[in-house]
Every structure is written in C-alpha cells, then in structure tokens.
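Asker: Give me a model of this one.
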Amino acid sequence: MKKSTEIVKAYNNFEFMNSSDARTVRILSEYYEPKSRLEKDNITDTIVFFGSARLMAKKDAEKNLKAVMKAEKAKKRSNKKNIEAAESLVRMARYYDDAVELSKKLTEWSLTLPEETRFHICSGGGPGIMEAANKGAKLGGGDSIGFNISIPFEQFVNKYVKPEHAFEFHYFFMRKFWFVYLAKGLAVFPGGFGTLDEFSEILTLVQTEKVTKDIKIICYDEEYWKDIINFEGLIKHGMISAGDMKLFDFCNTVDDAFEKLKNHFIKLYKL
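Answerer: Alright, predicted model coming up:
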C-alpha cells in the first residue's frame, strides 16, 4: 500500500519560514523570544554599553603590535599603515580597560540593591567594548546580557556572556529595540559607524520624545567625541538646539561616569 505524502505544518516548513513571505513572522519572533527569556529571569532594567568592536585590552593590543611589527619586518617591503593601525589600538586600549572598570563598579553597586531593583549590564555581546562591558560585570560578581547580531565579520558572542543571556538577532532594528526598551542608562564609548548609528538613534528618540523615560546617557571622553562630532557646528548651523546638548553628559573618567549614573538612578528610583 502506497504511503501518503506527509504534510508539513507551516511552522516546520523551513523553506517558507526563511522566505520573504514569512518575514513578519521572523520579526515577531525576535520580539517574543527575547521577551519570554528576559521575563523568565526578571530582567527589566539595563545599563547599555556601546562602543567599538575593534578595541582590545592594553596587554592584548601591545601583543598584537609586537606581532604586526615582527610580521612587517619579515617582509621585503613592510607596510607602515599596518604598524600605525596596531599602534593606534595600543593608544585606544584605555577605553577597553575603562569600560571593564566602569561595568565592574556598576555591577558591584547594583548587587547591593534589592533584587527587584537591580540593573543588568547589557552590550552587543561581541568583542571590543562589548566584551569589556560583559567582562566587567563578571568581575563584579554579576551576570550580563549580550544582544548579538549576525554579520559577516567582527561579531561573535564573547566568552563573558552566559548562554542563557546571549541573544542572536538577524534584524538590526529589533536588536536596537531591545537595547532601548530595557535601558535606564547608557555609556557610549569611542566607536565607529555602528556606535554613531546607535548613539544618534537613541538621541533622536529622546529628542523627539518617542522615548519618554529618563535615560542617563554618558558620552565617554569629551575630547574624542568632540573630535568626531562637531556639536558646536550643528548648533551654529541651526541643525540642533543648544538645549539638545543637555540630552547627554560628557565624562572623562571611570569615577565620574560611575557617580553620574549611580546618582541618577538613586534620585530617579528613590534607591
């Protein structure tokens, strides 16, 4: 007797689920699946760290520089730009180390609060400043969150994020939603296009009152950010108001950033 062809349920039809027709289903899954997991662990308040995926700890940057110099020396014709790039990573390494320290201090402080009012460190889950944030949380004795994004380069879940707190996104806008939705504080460290995109989008949401909660936004290292973004030029040409500069604070030290974030939370949540 001939067997009848098995009919596959729609949600088990992977060809359909990965098609353009099912895009809305995939988008919704990147809302509901993280929501379910975060609620299960009572994670409602986060301090988000943004920054470059390329930065590394000073000791690793120095090791990388030695390796690059050795490799270039072995060539018949060395590339000066490779050495300059490695030297730049050594200079920029302090931001990685500062992000570790800030995350550690915030985690240690948060663990002194009642469990229902604790803040969780959150990052993009990858390398660089993201790794530094997750590492600092672990050193501080707490857990942290990693909202990873699947892209062709740079991005992987760092070892400081527990599997149960690691999330993998396909859609950038859904990942950004979760960054903003839970955030009560934000530390923006030096970074490139991705950091500028995330920072600008959150500023736009706050400026236009699409986000009405009081998020404390810290820009780490005033000199760096004023070199990258000509804030005064934007004001001069009428592209932003002088008052828009009050949407965020510049901080140049770990202690300053820690105190501003901590005091904001204490005042706002009456801790």
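
Asker: Let me know the helix or strand that Ser36 is in.
Answerer: Assignment of secondary structure by DSSP states H and E places Ser36 within helix 23-40.

Asker: quick one: contacts for Trp109?
Answerer: The neighbours of Trp109, taking CB atoms under 8 Å, 6 or more residues apart in numbering as the test, are 258, 262. For every residue, glycine as well, the C-beta is placed using N, CA and C.

Asker: so how far is Tyr11 from it?
Answerer: From Trp109 across to Tyr11, the span is 44 Å (CB to CB, to the nearest Å).

Asker: Output the longest helix belonging to the protein.
Answerer: Assignment by DSSP state H gives helix 80-110 as the longest helix of the chain.

Asker: Which elements pack onto the next helix or strand after that one?
Answerer: Remark: after helix 80-110, the chain's next helix or strand is strand 120-123, criterion DSSP H and E. Where contact means 3 or more CB pairs under 8 Å, 6 or more residues apart in numbering; DSSP states H and E, strand 120-123 is packed against strand 46-50, helix 80-110, helix 129-139, strand 144-149.

Asker: Out of the ones you listed, which gets nearest to Thr5?
Answerer: strand 144-149 (38.7 Å; CB to CB).

Asker: Throw the helices and strands packed on strand 120-123 into TSV and include distance to Thr195 and mean pLDDT, thanks.
Answerer: Formatted as TSV, the entries for those read as follows, by distance: least, CB to CB, whole Å; pLDDT from 0 to 100:
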stretch	distance to Thr195	mean pLDDT
strand 46-50	5	98
helix 80-110	11	96
helix 129-139	8	98
strand 144-149	13	96
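
Asker: Among the ones you listed, which comes closest to Lys184?
Answerer: Closest to Lys184 of the helices and strands packed on strand 120-123, according to CB to CB: strand 46-50, at 6.7 Å.

Asker: and the closest one, how far out from the chain's middle?
Answerer: Between the mean C-alpha point of strand 46-50 and the mean C-alpha point of its chain there is a distance of 6 Å (CA atoms, centre = their mean, to the nearest Å).

Asker: do stretch 19-36 as well
Answerer: With CA atoms, centre = their mean as the basis, the mean position of stretch 19-36 lies at 22 Å from the chain mean.

Asker: got the buried residues for that stretch?
Answerer: Buried positions in stretch 19-36, judged by neighbour count with 16 or more other CB atoms under 10 Å: 22, 30, 34.
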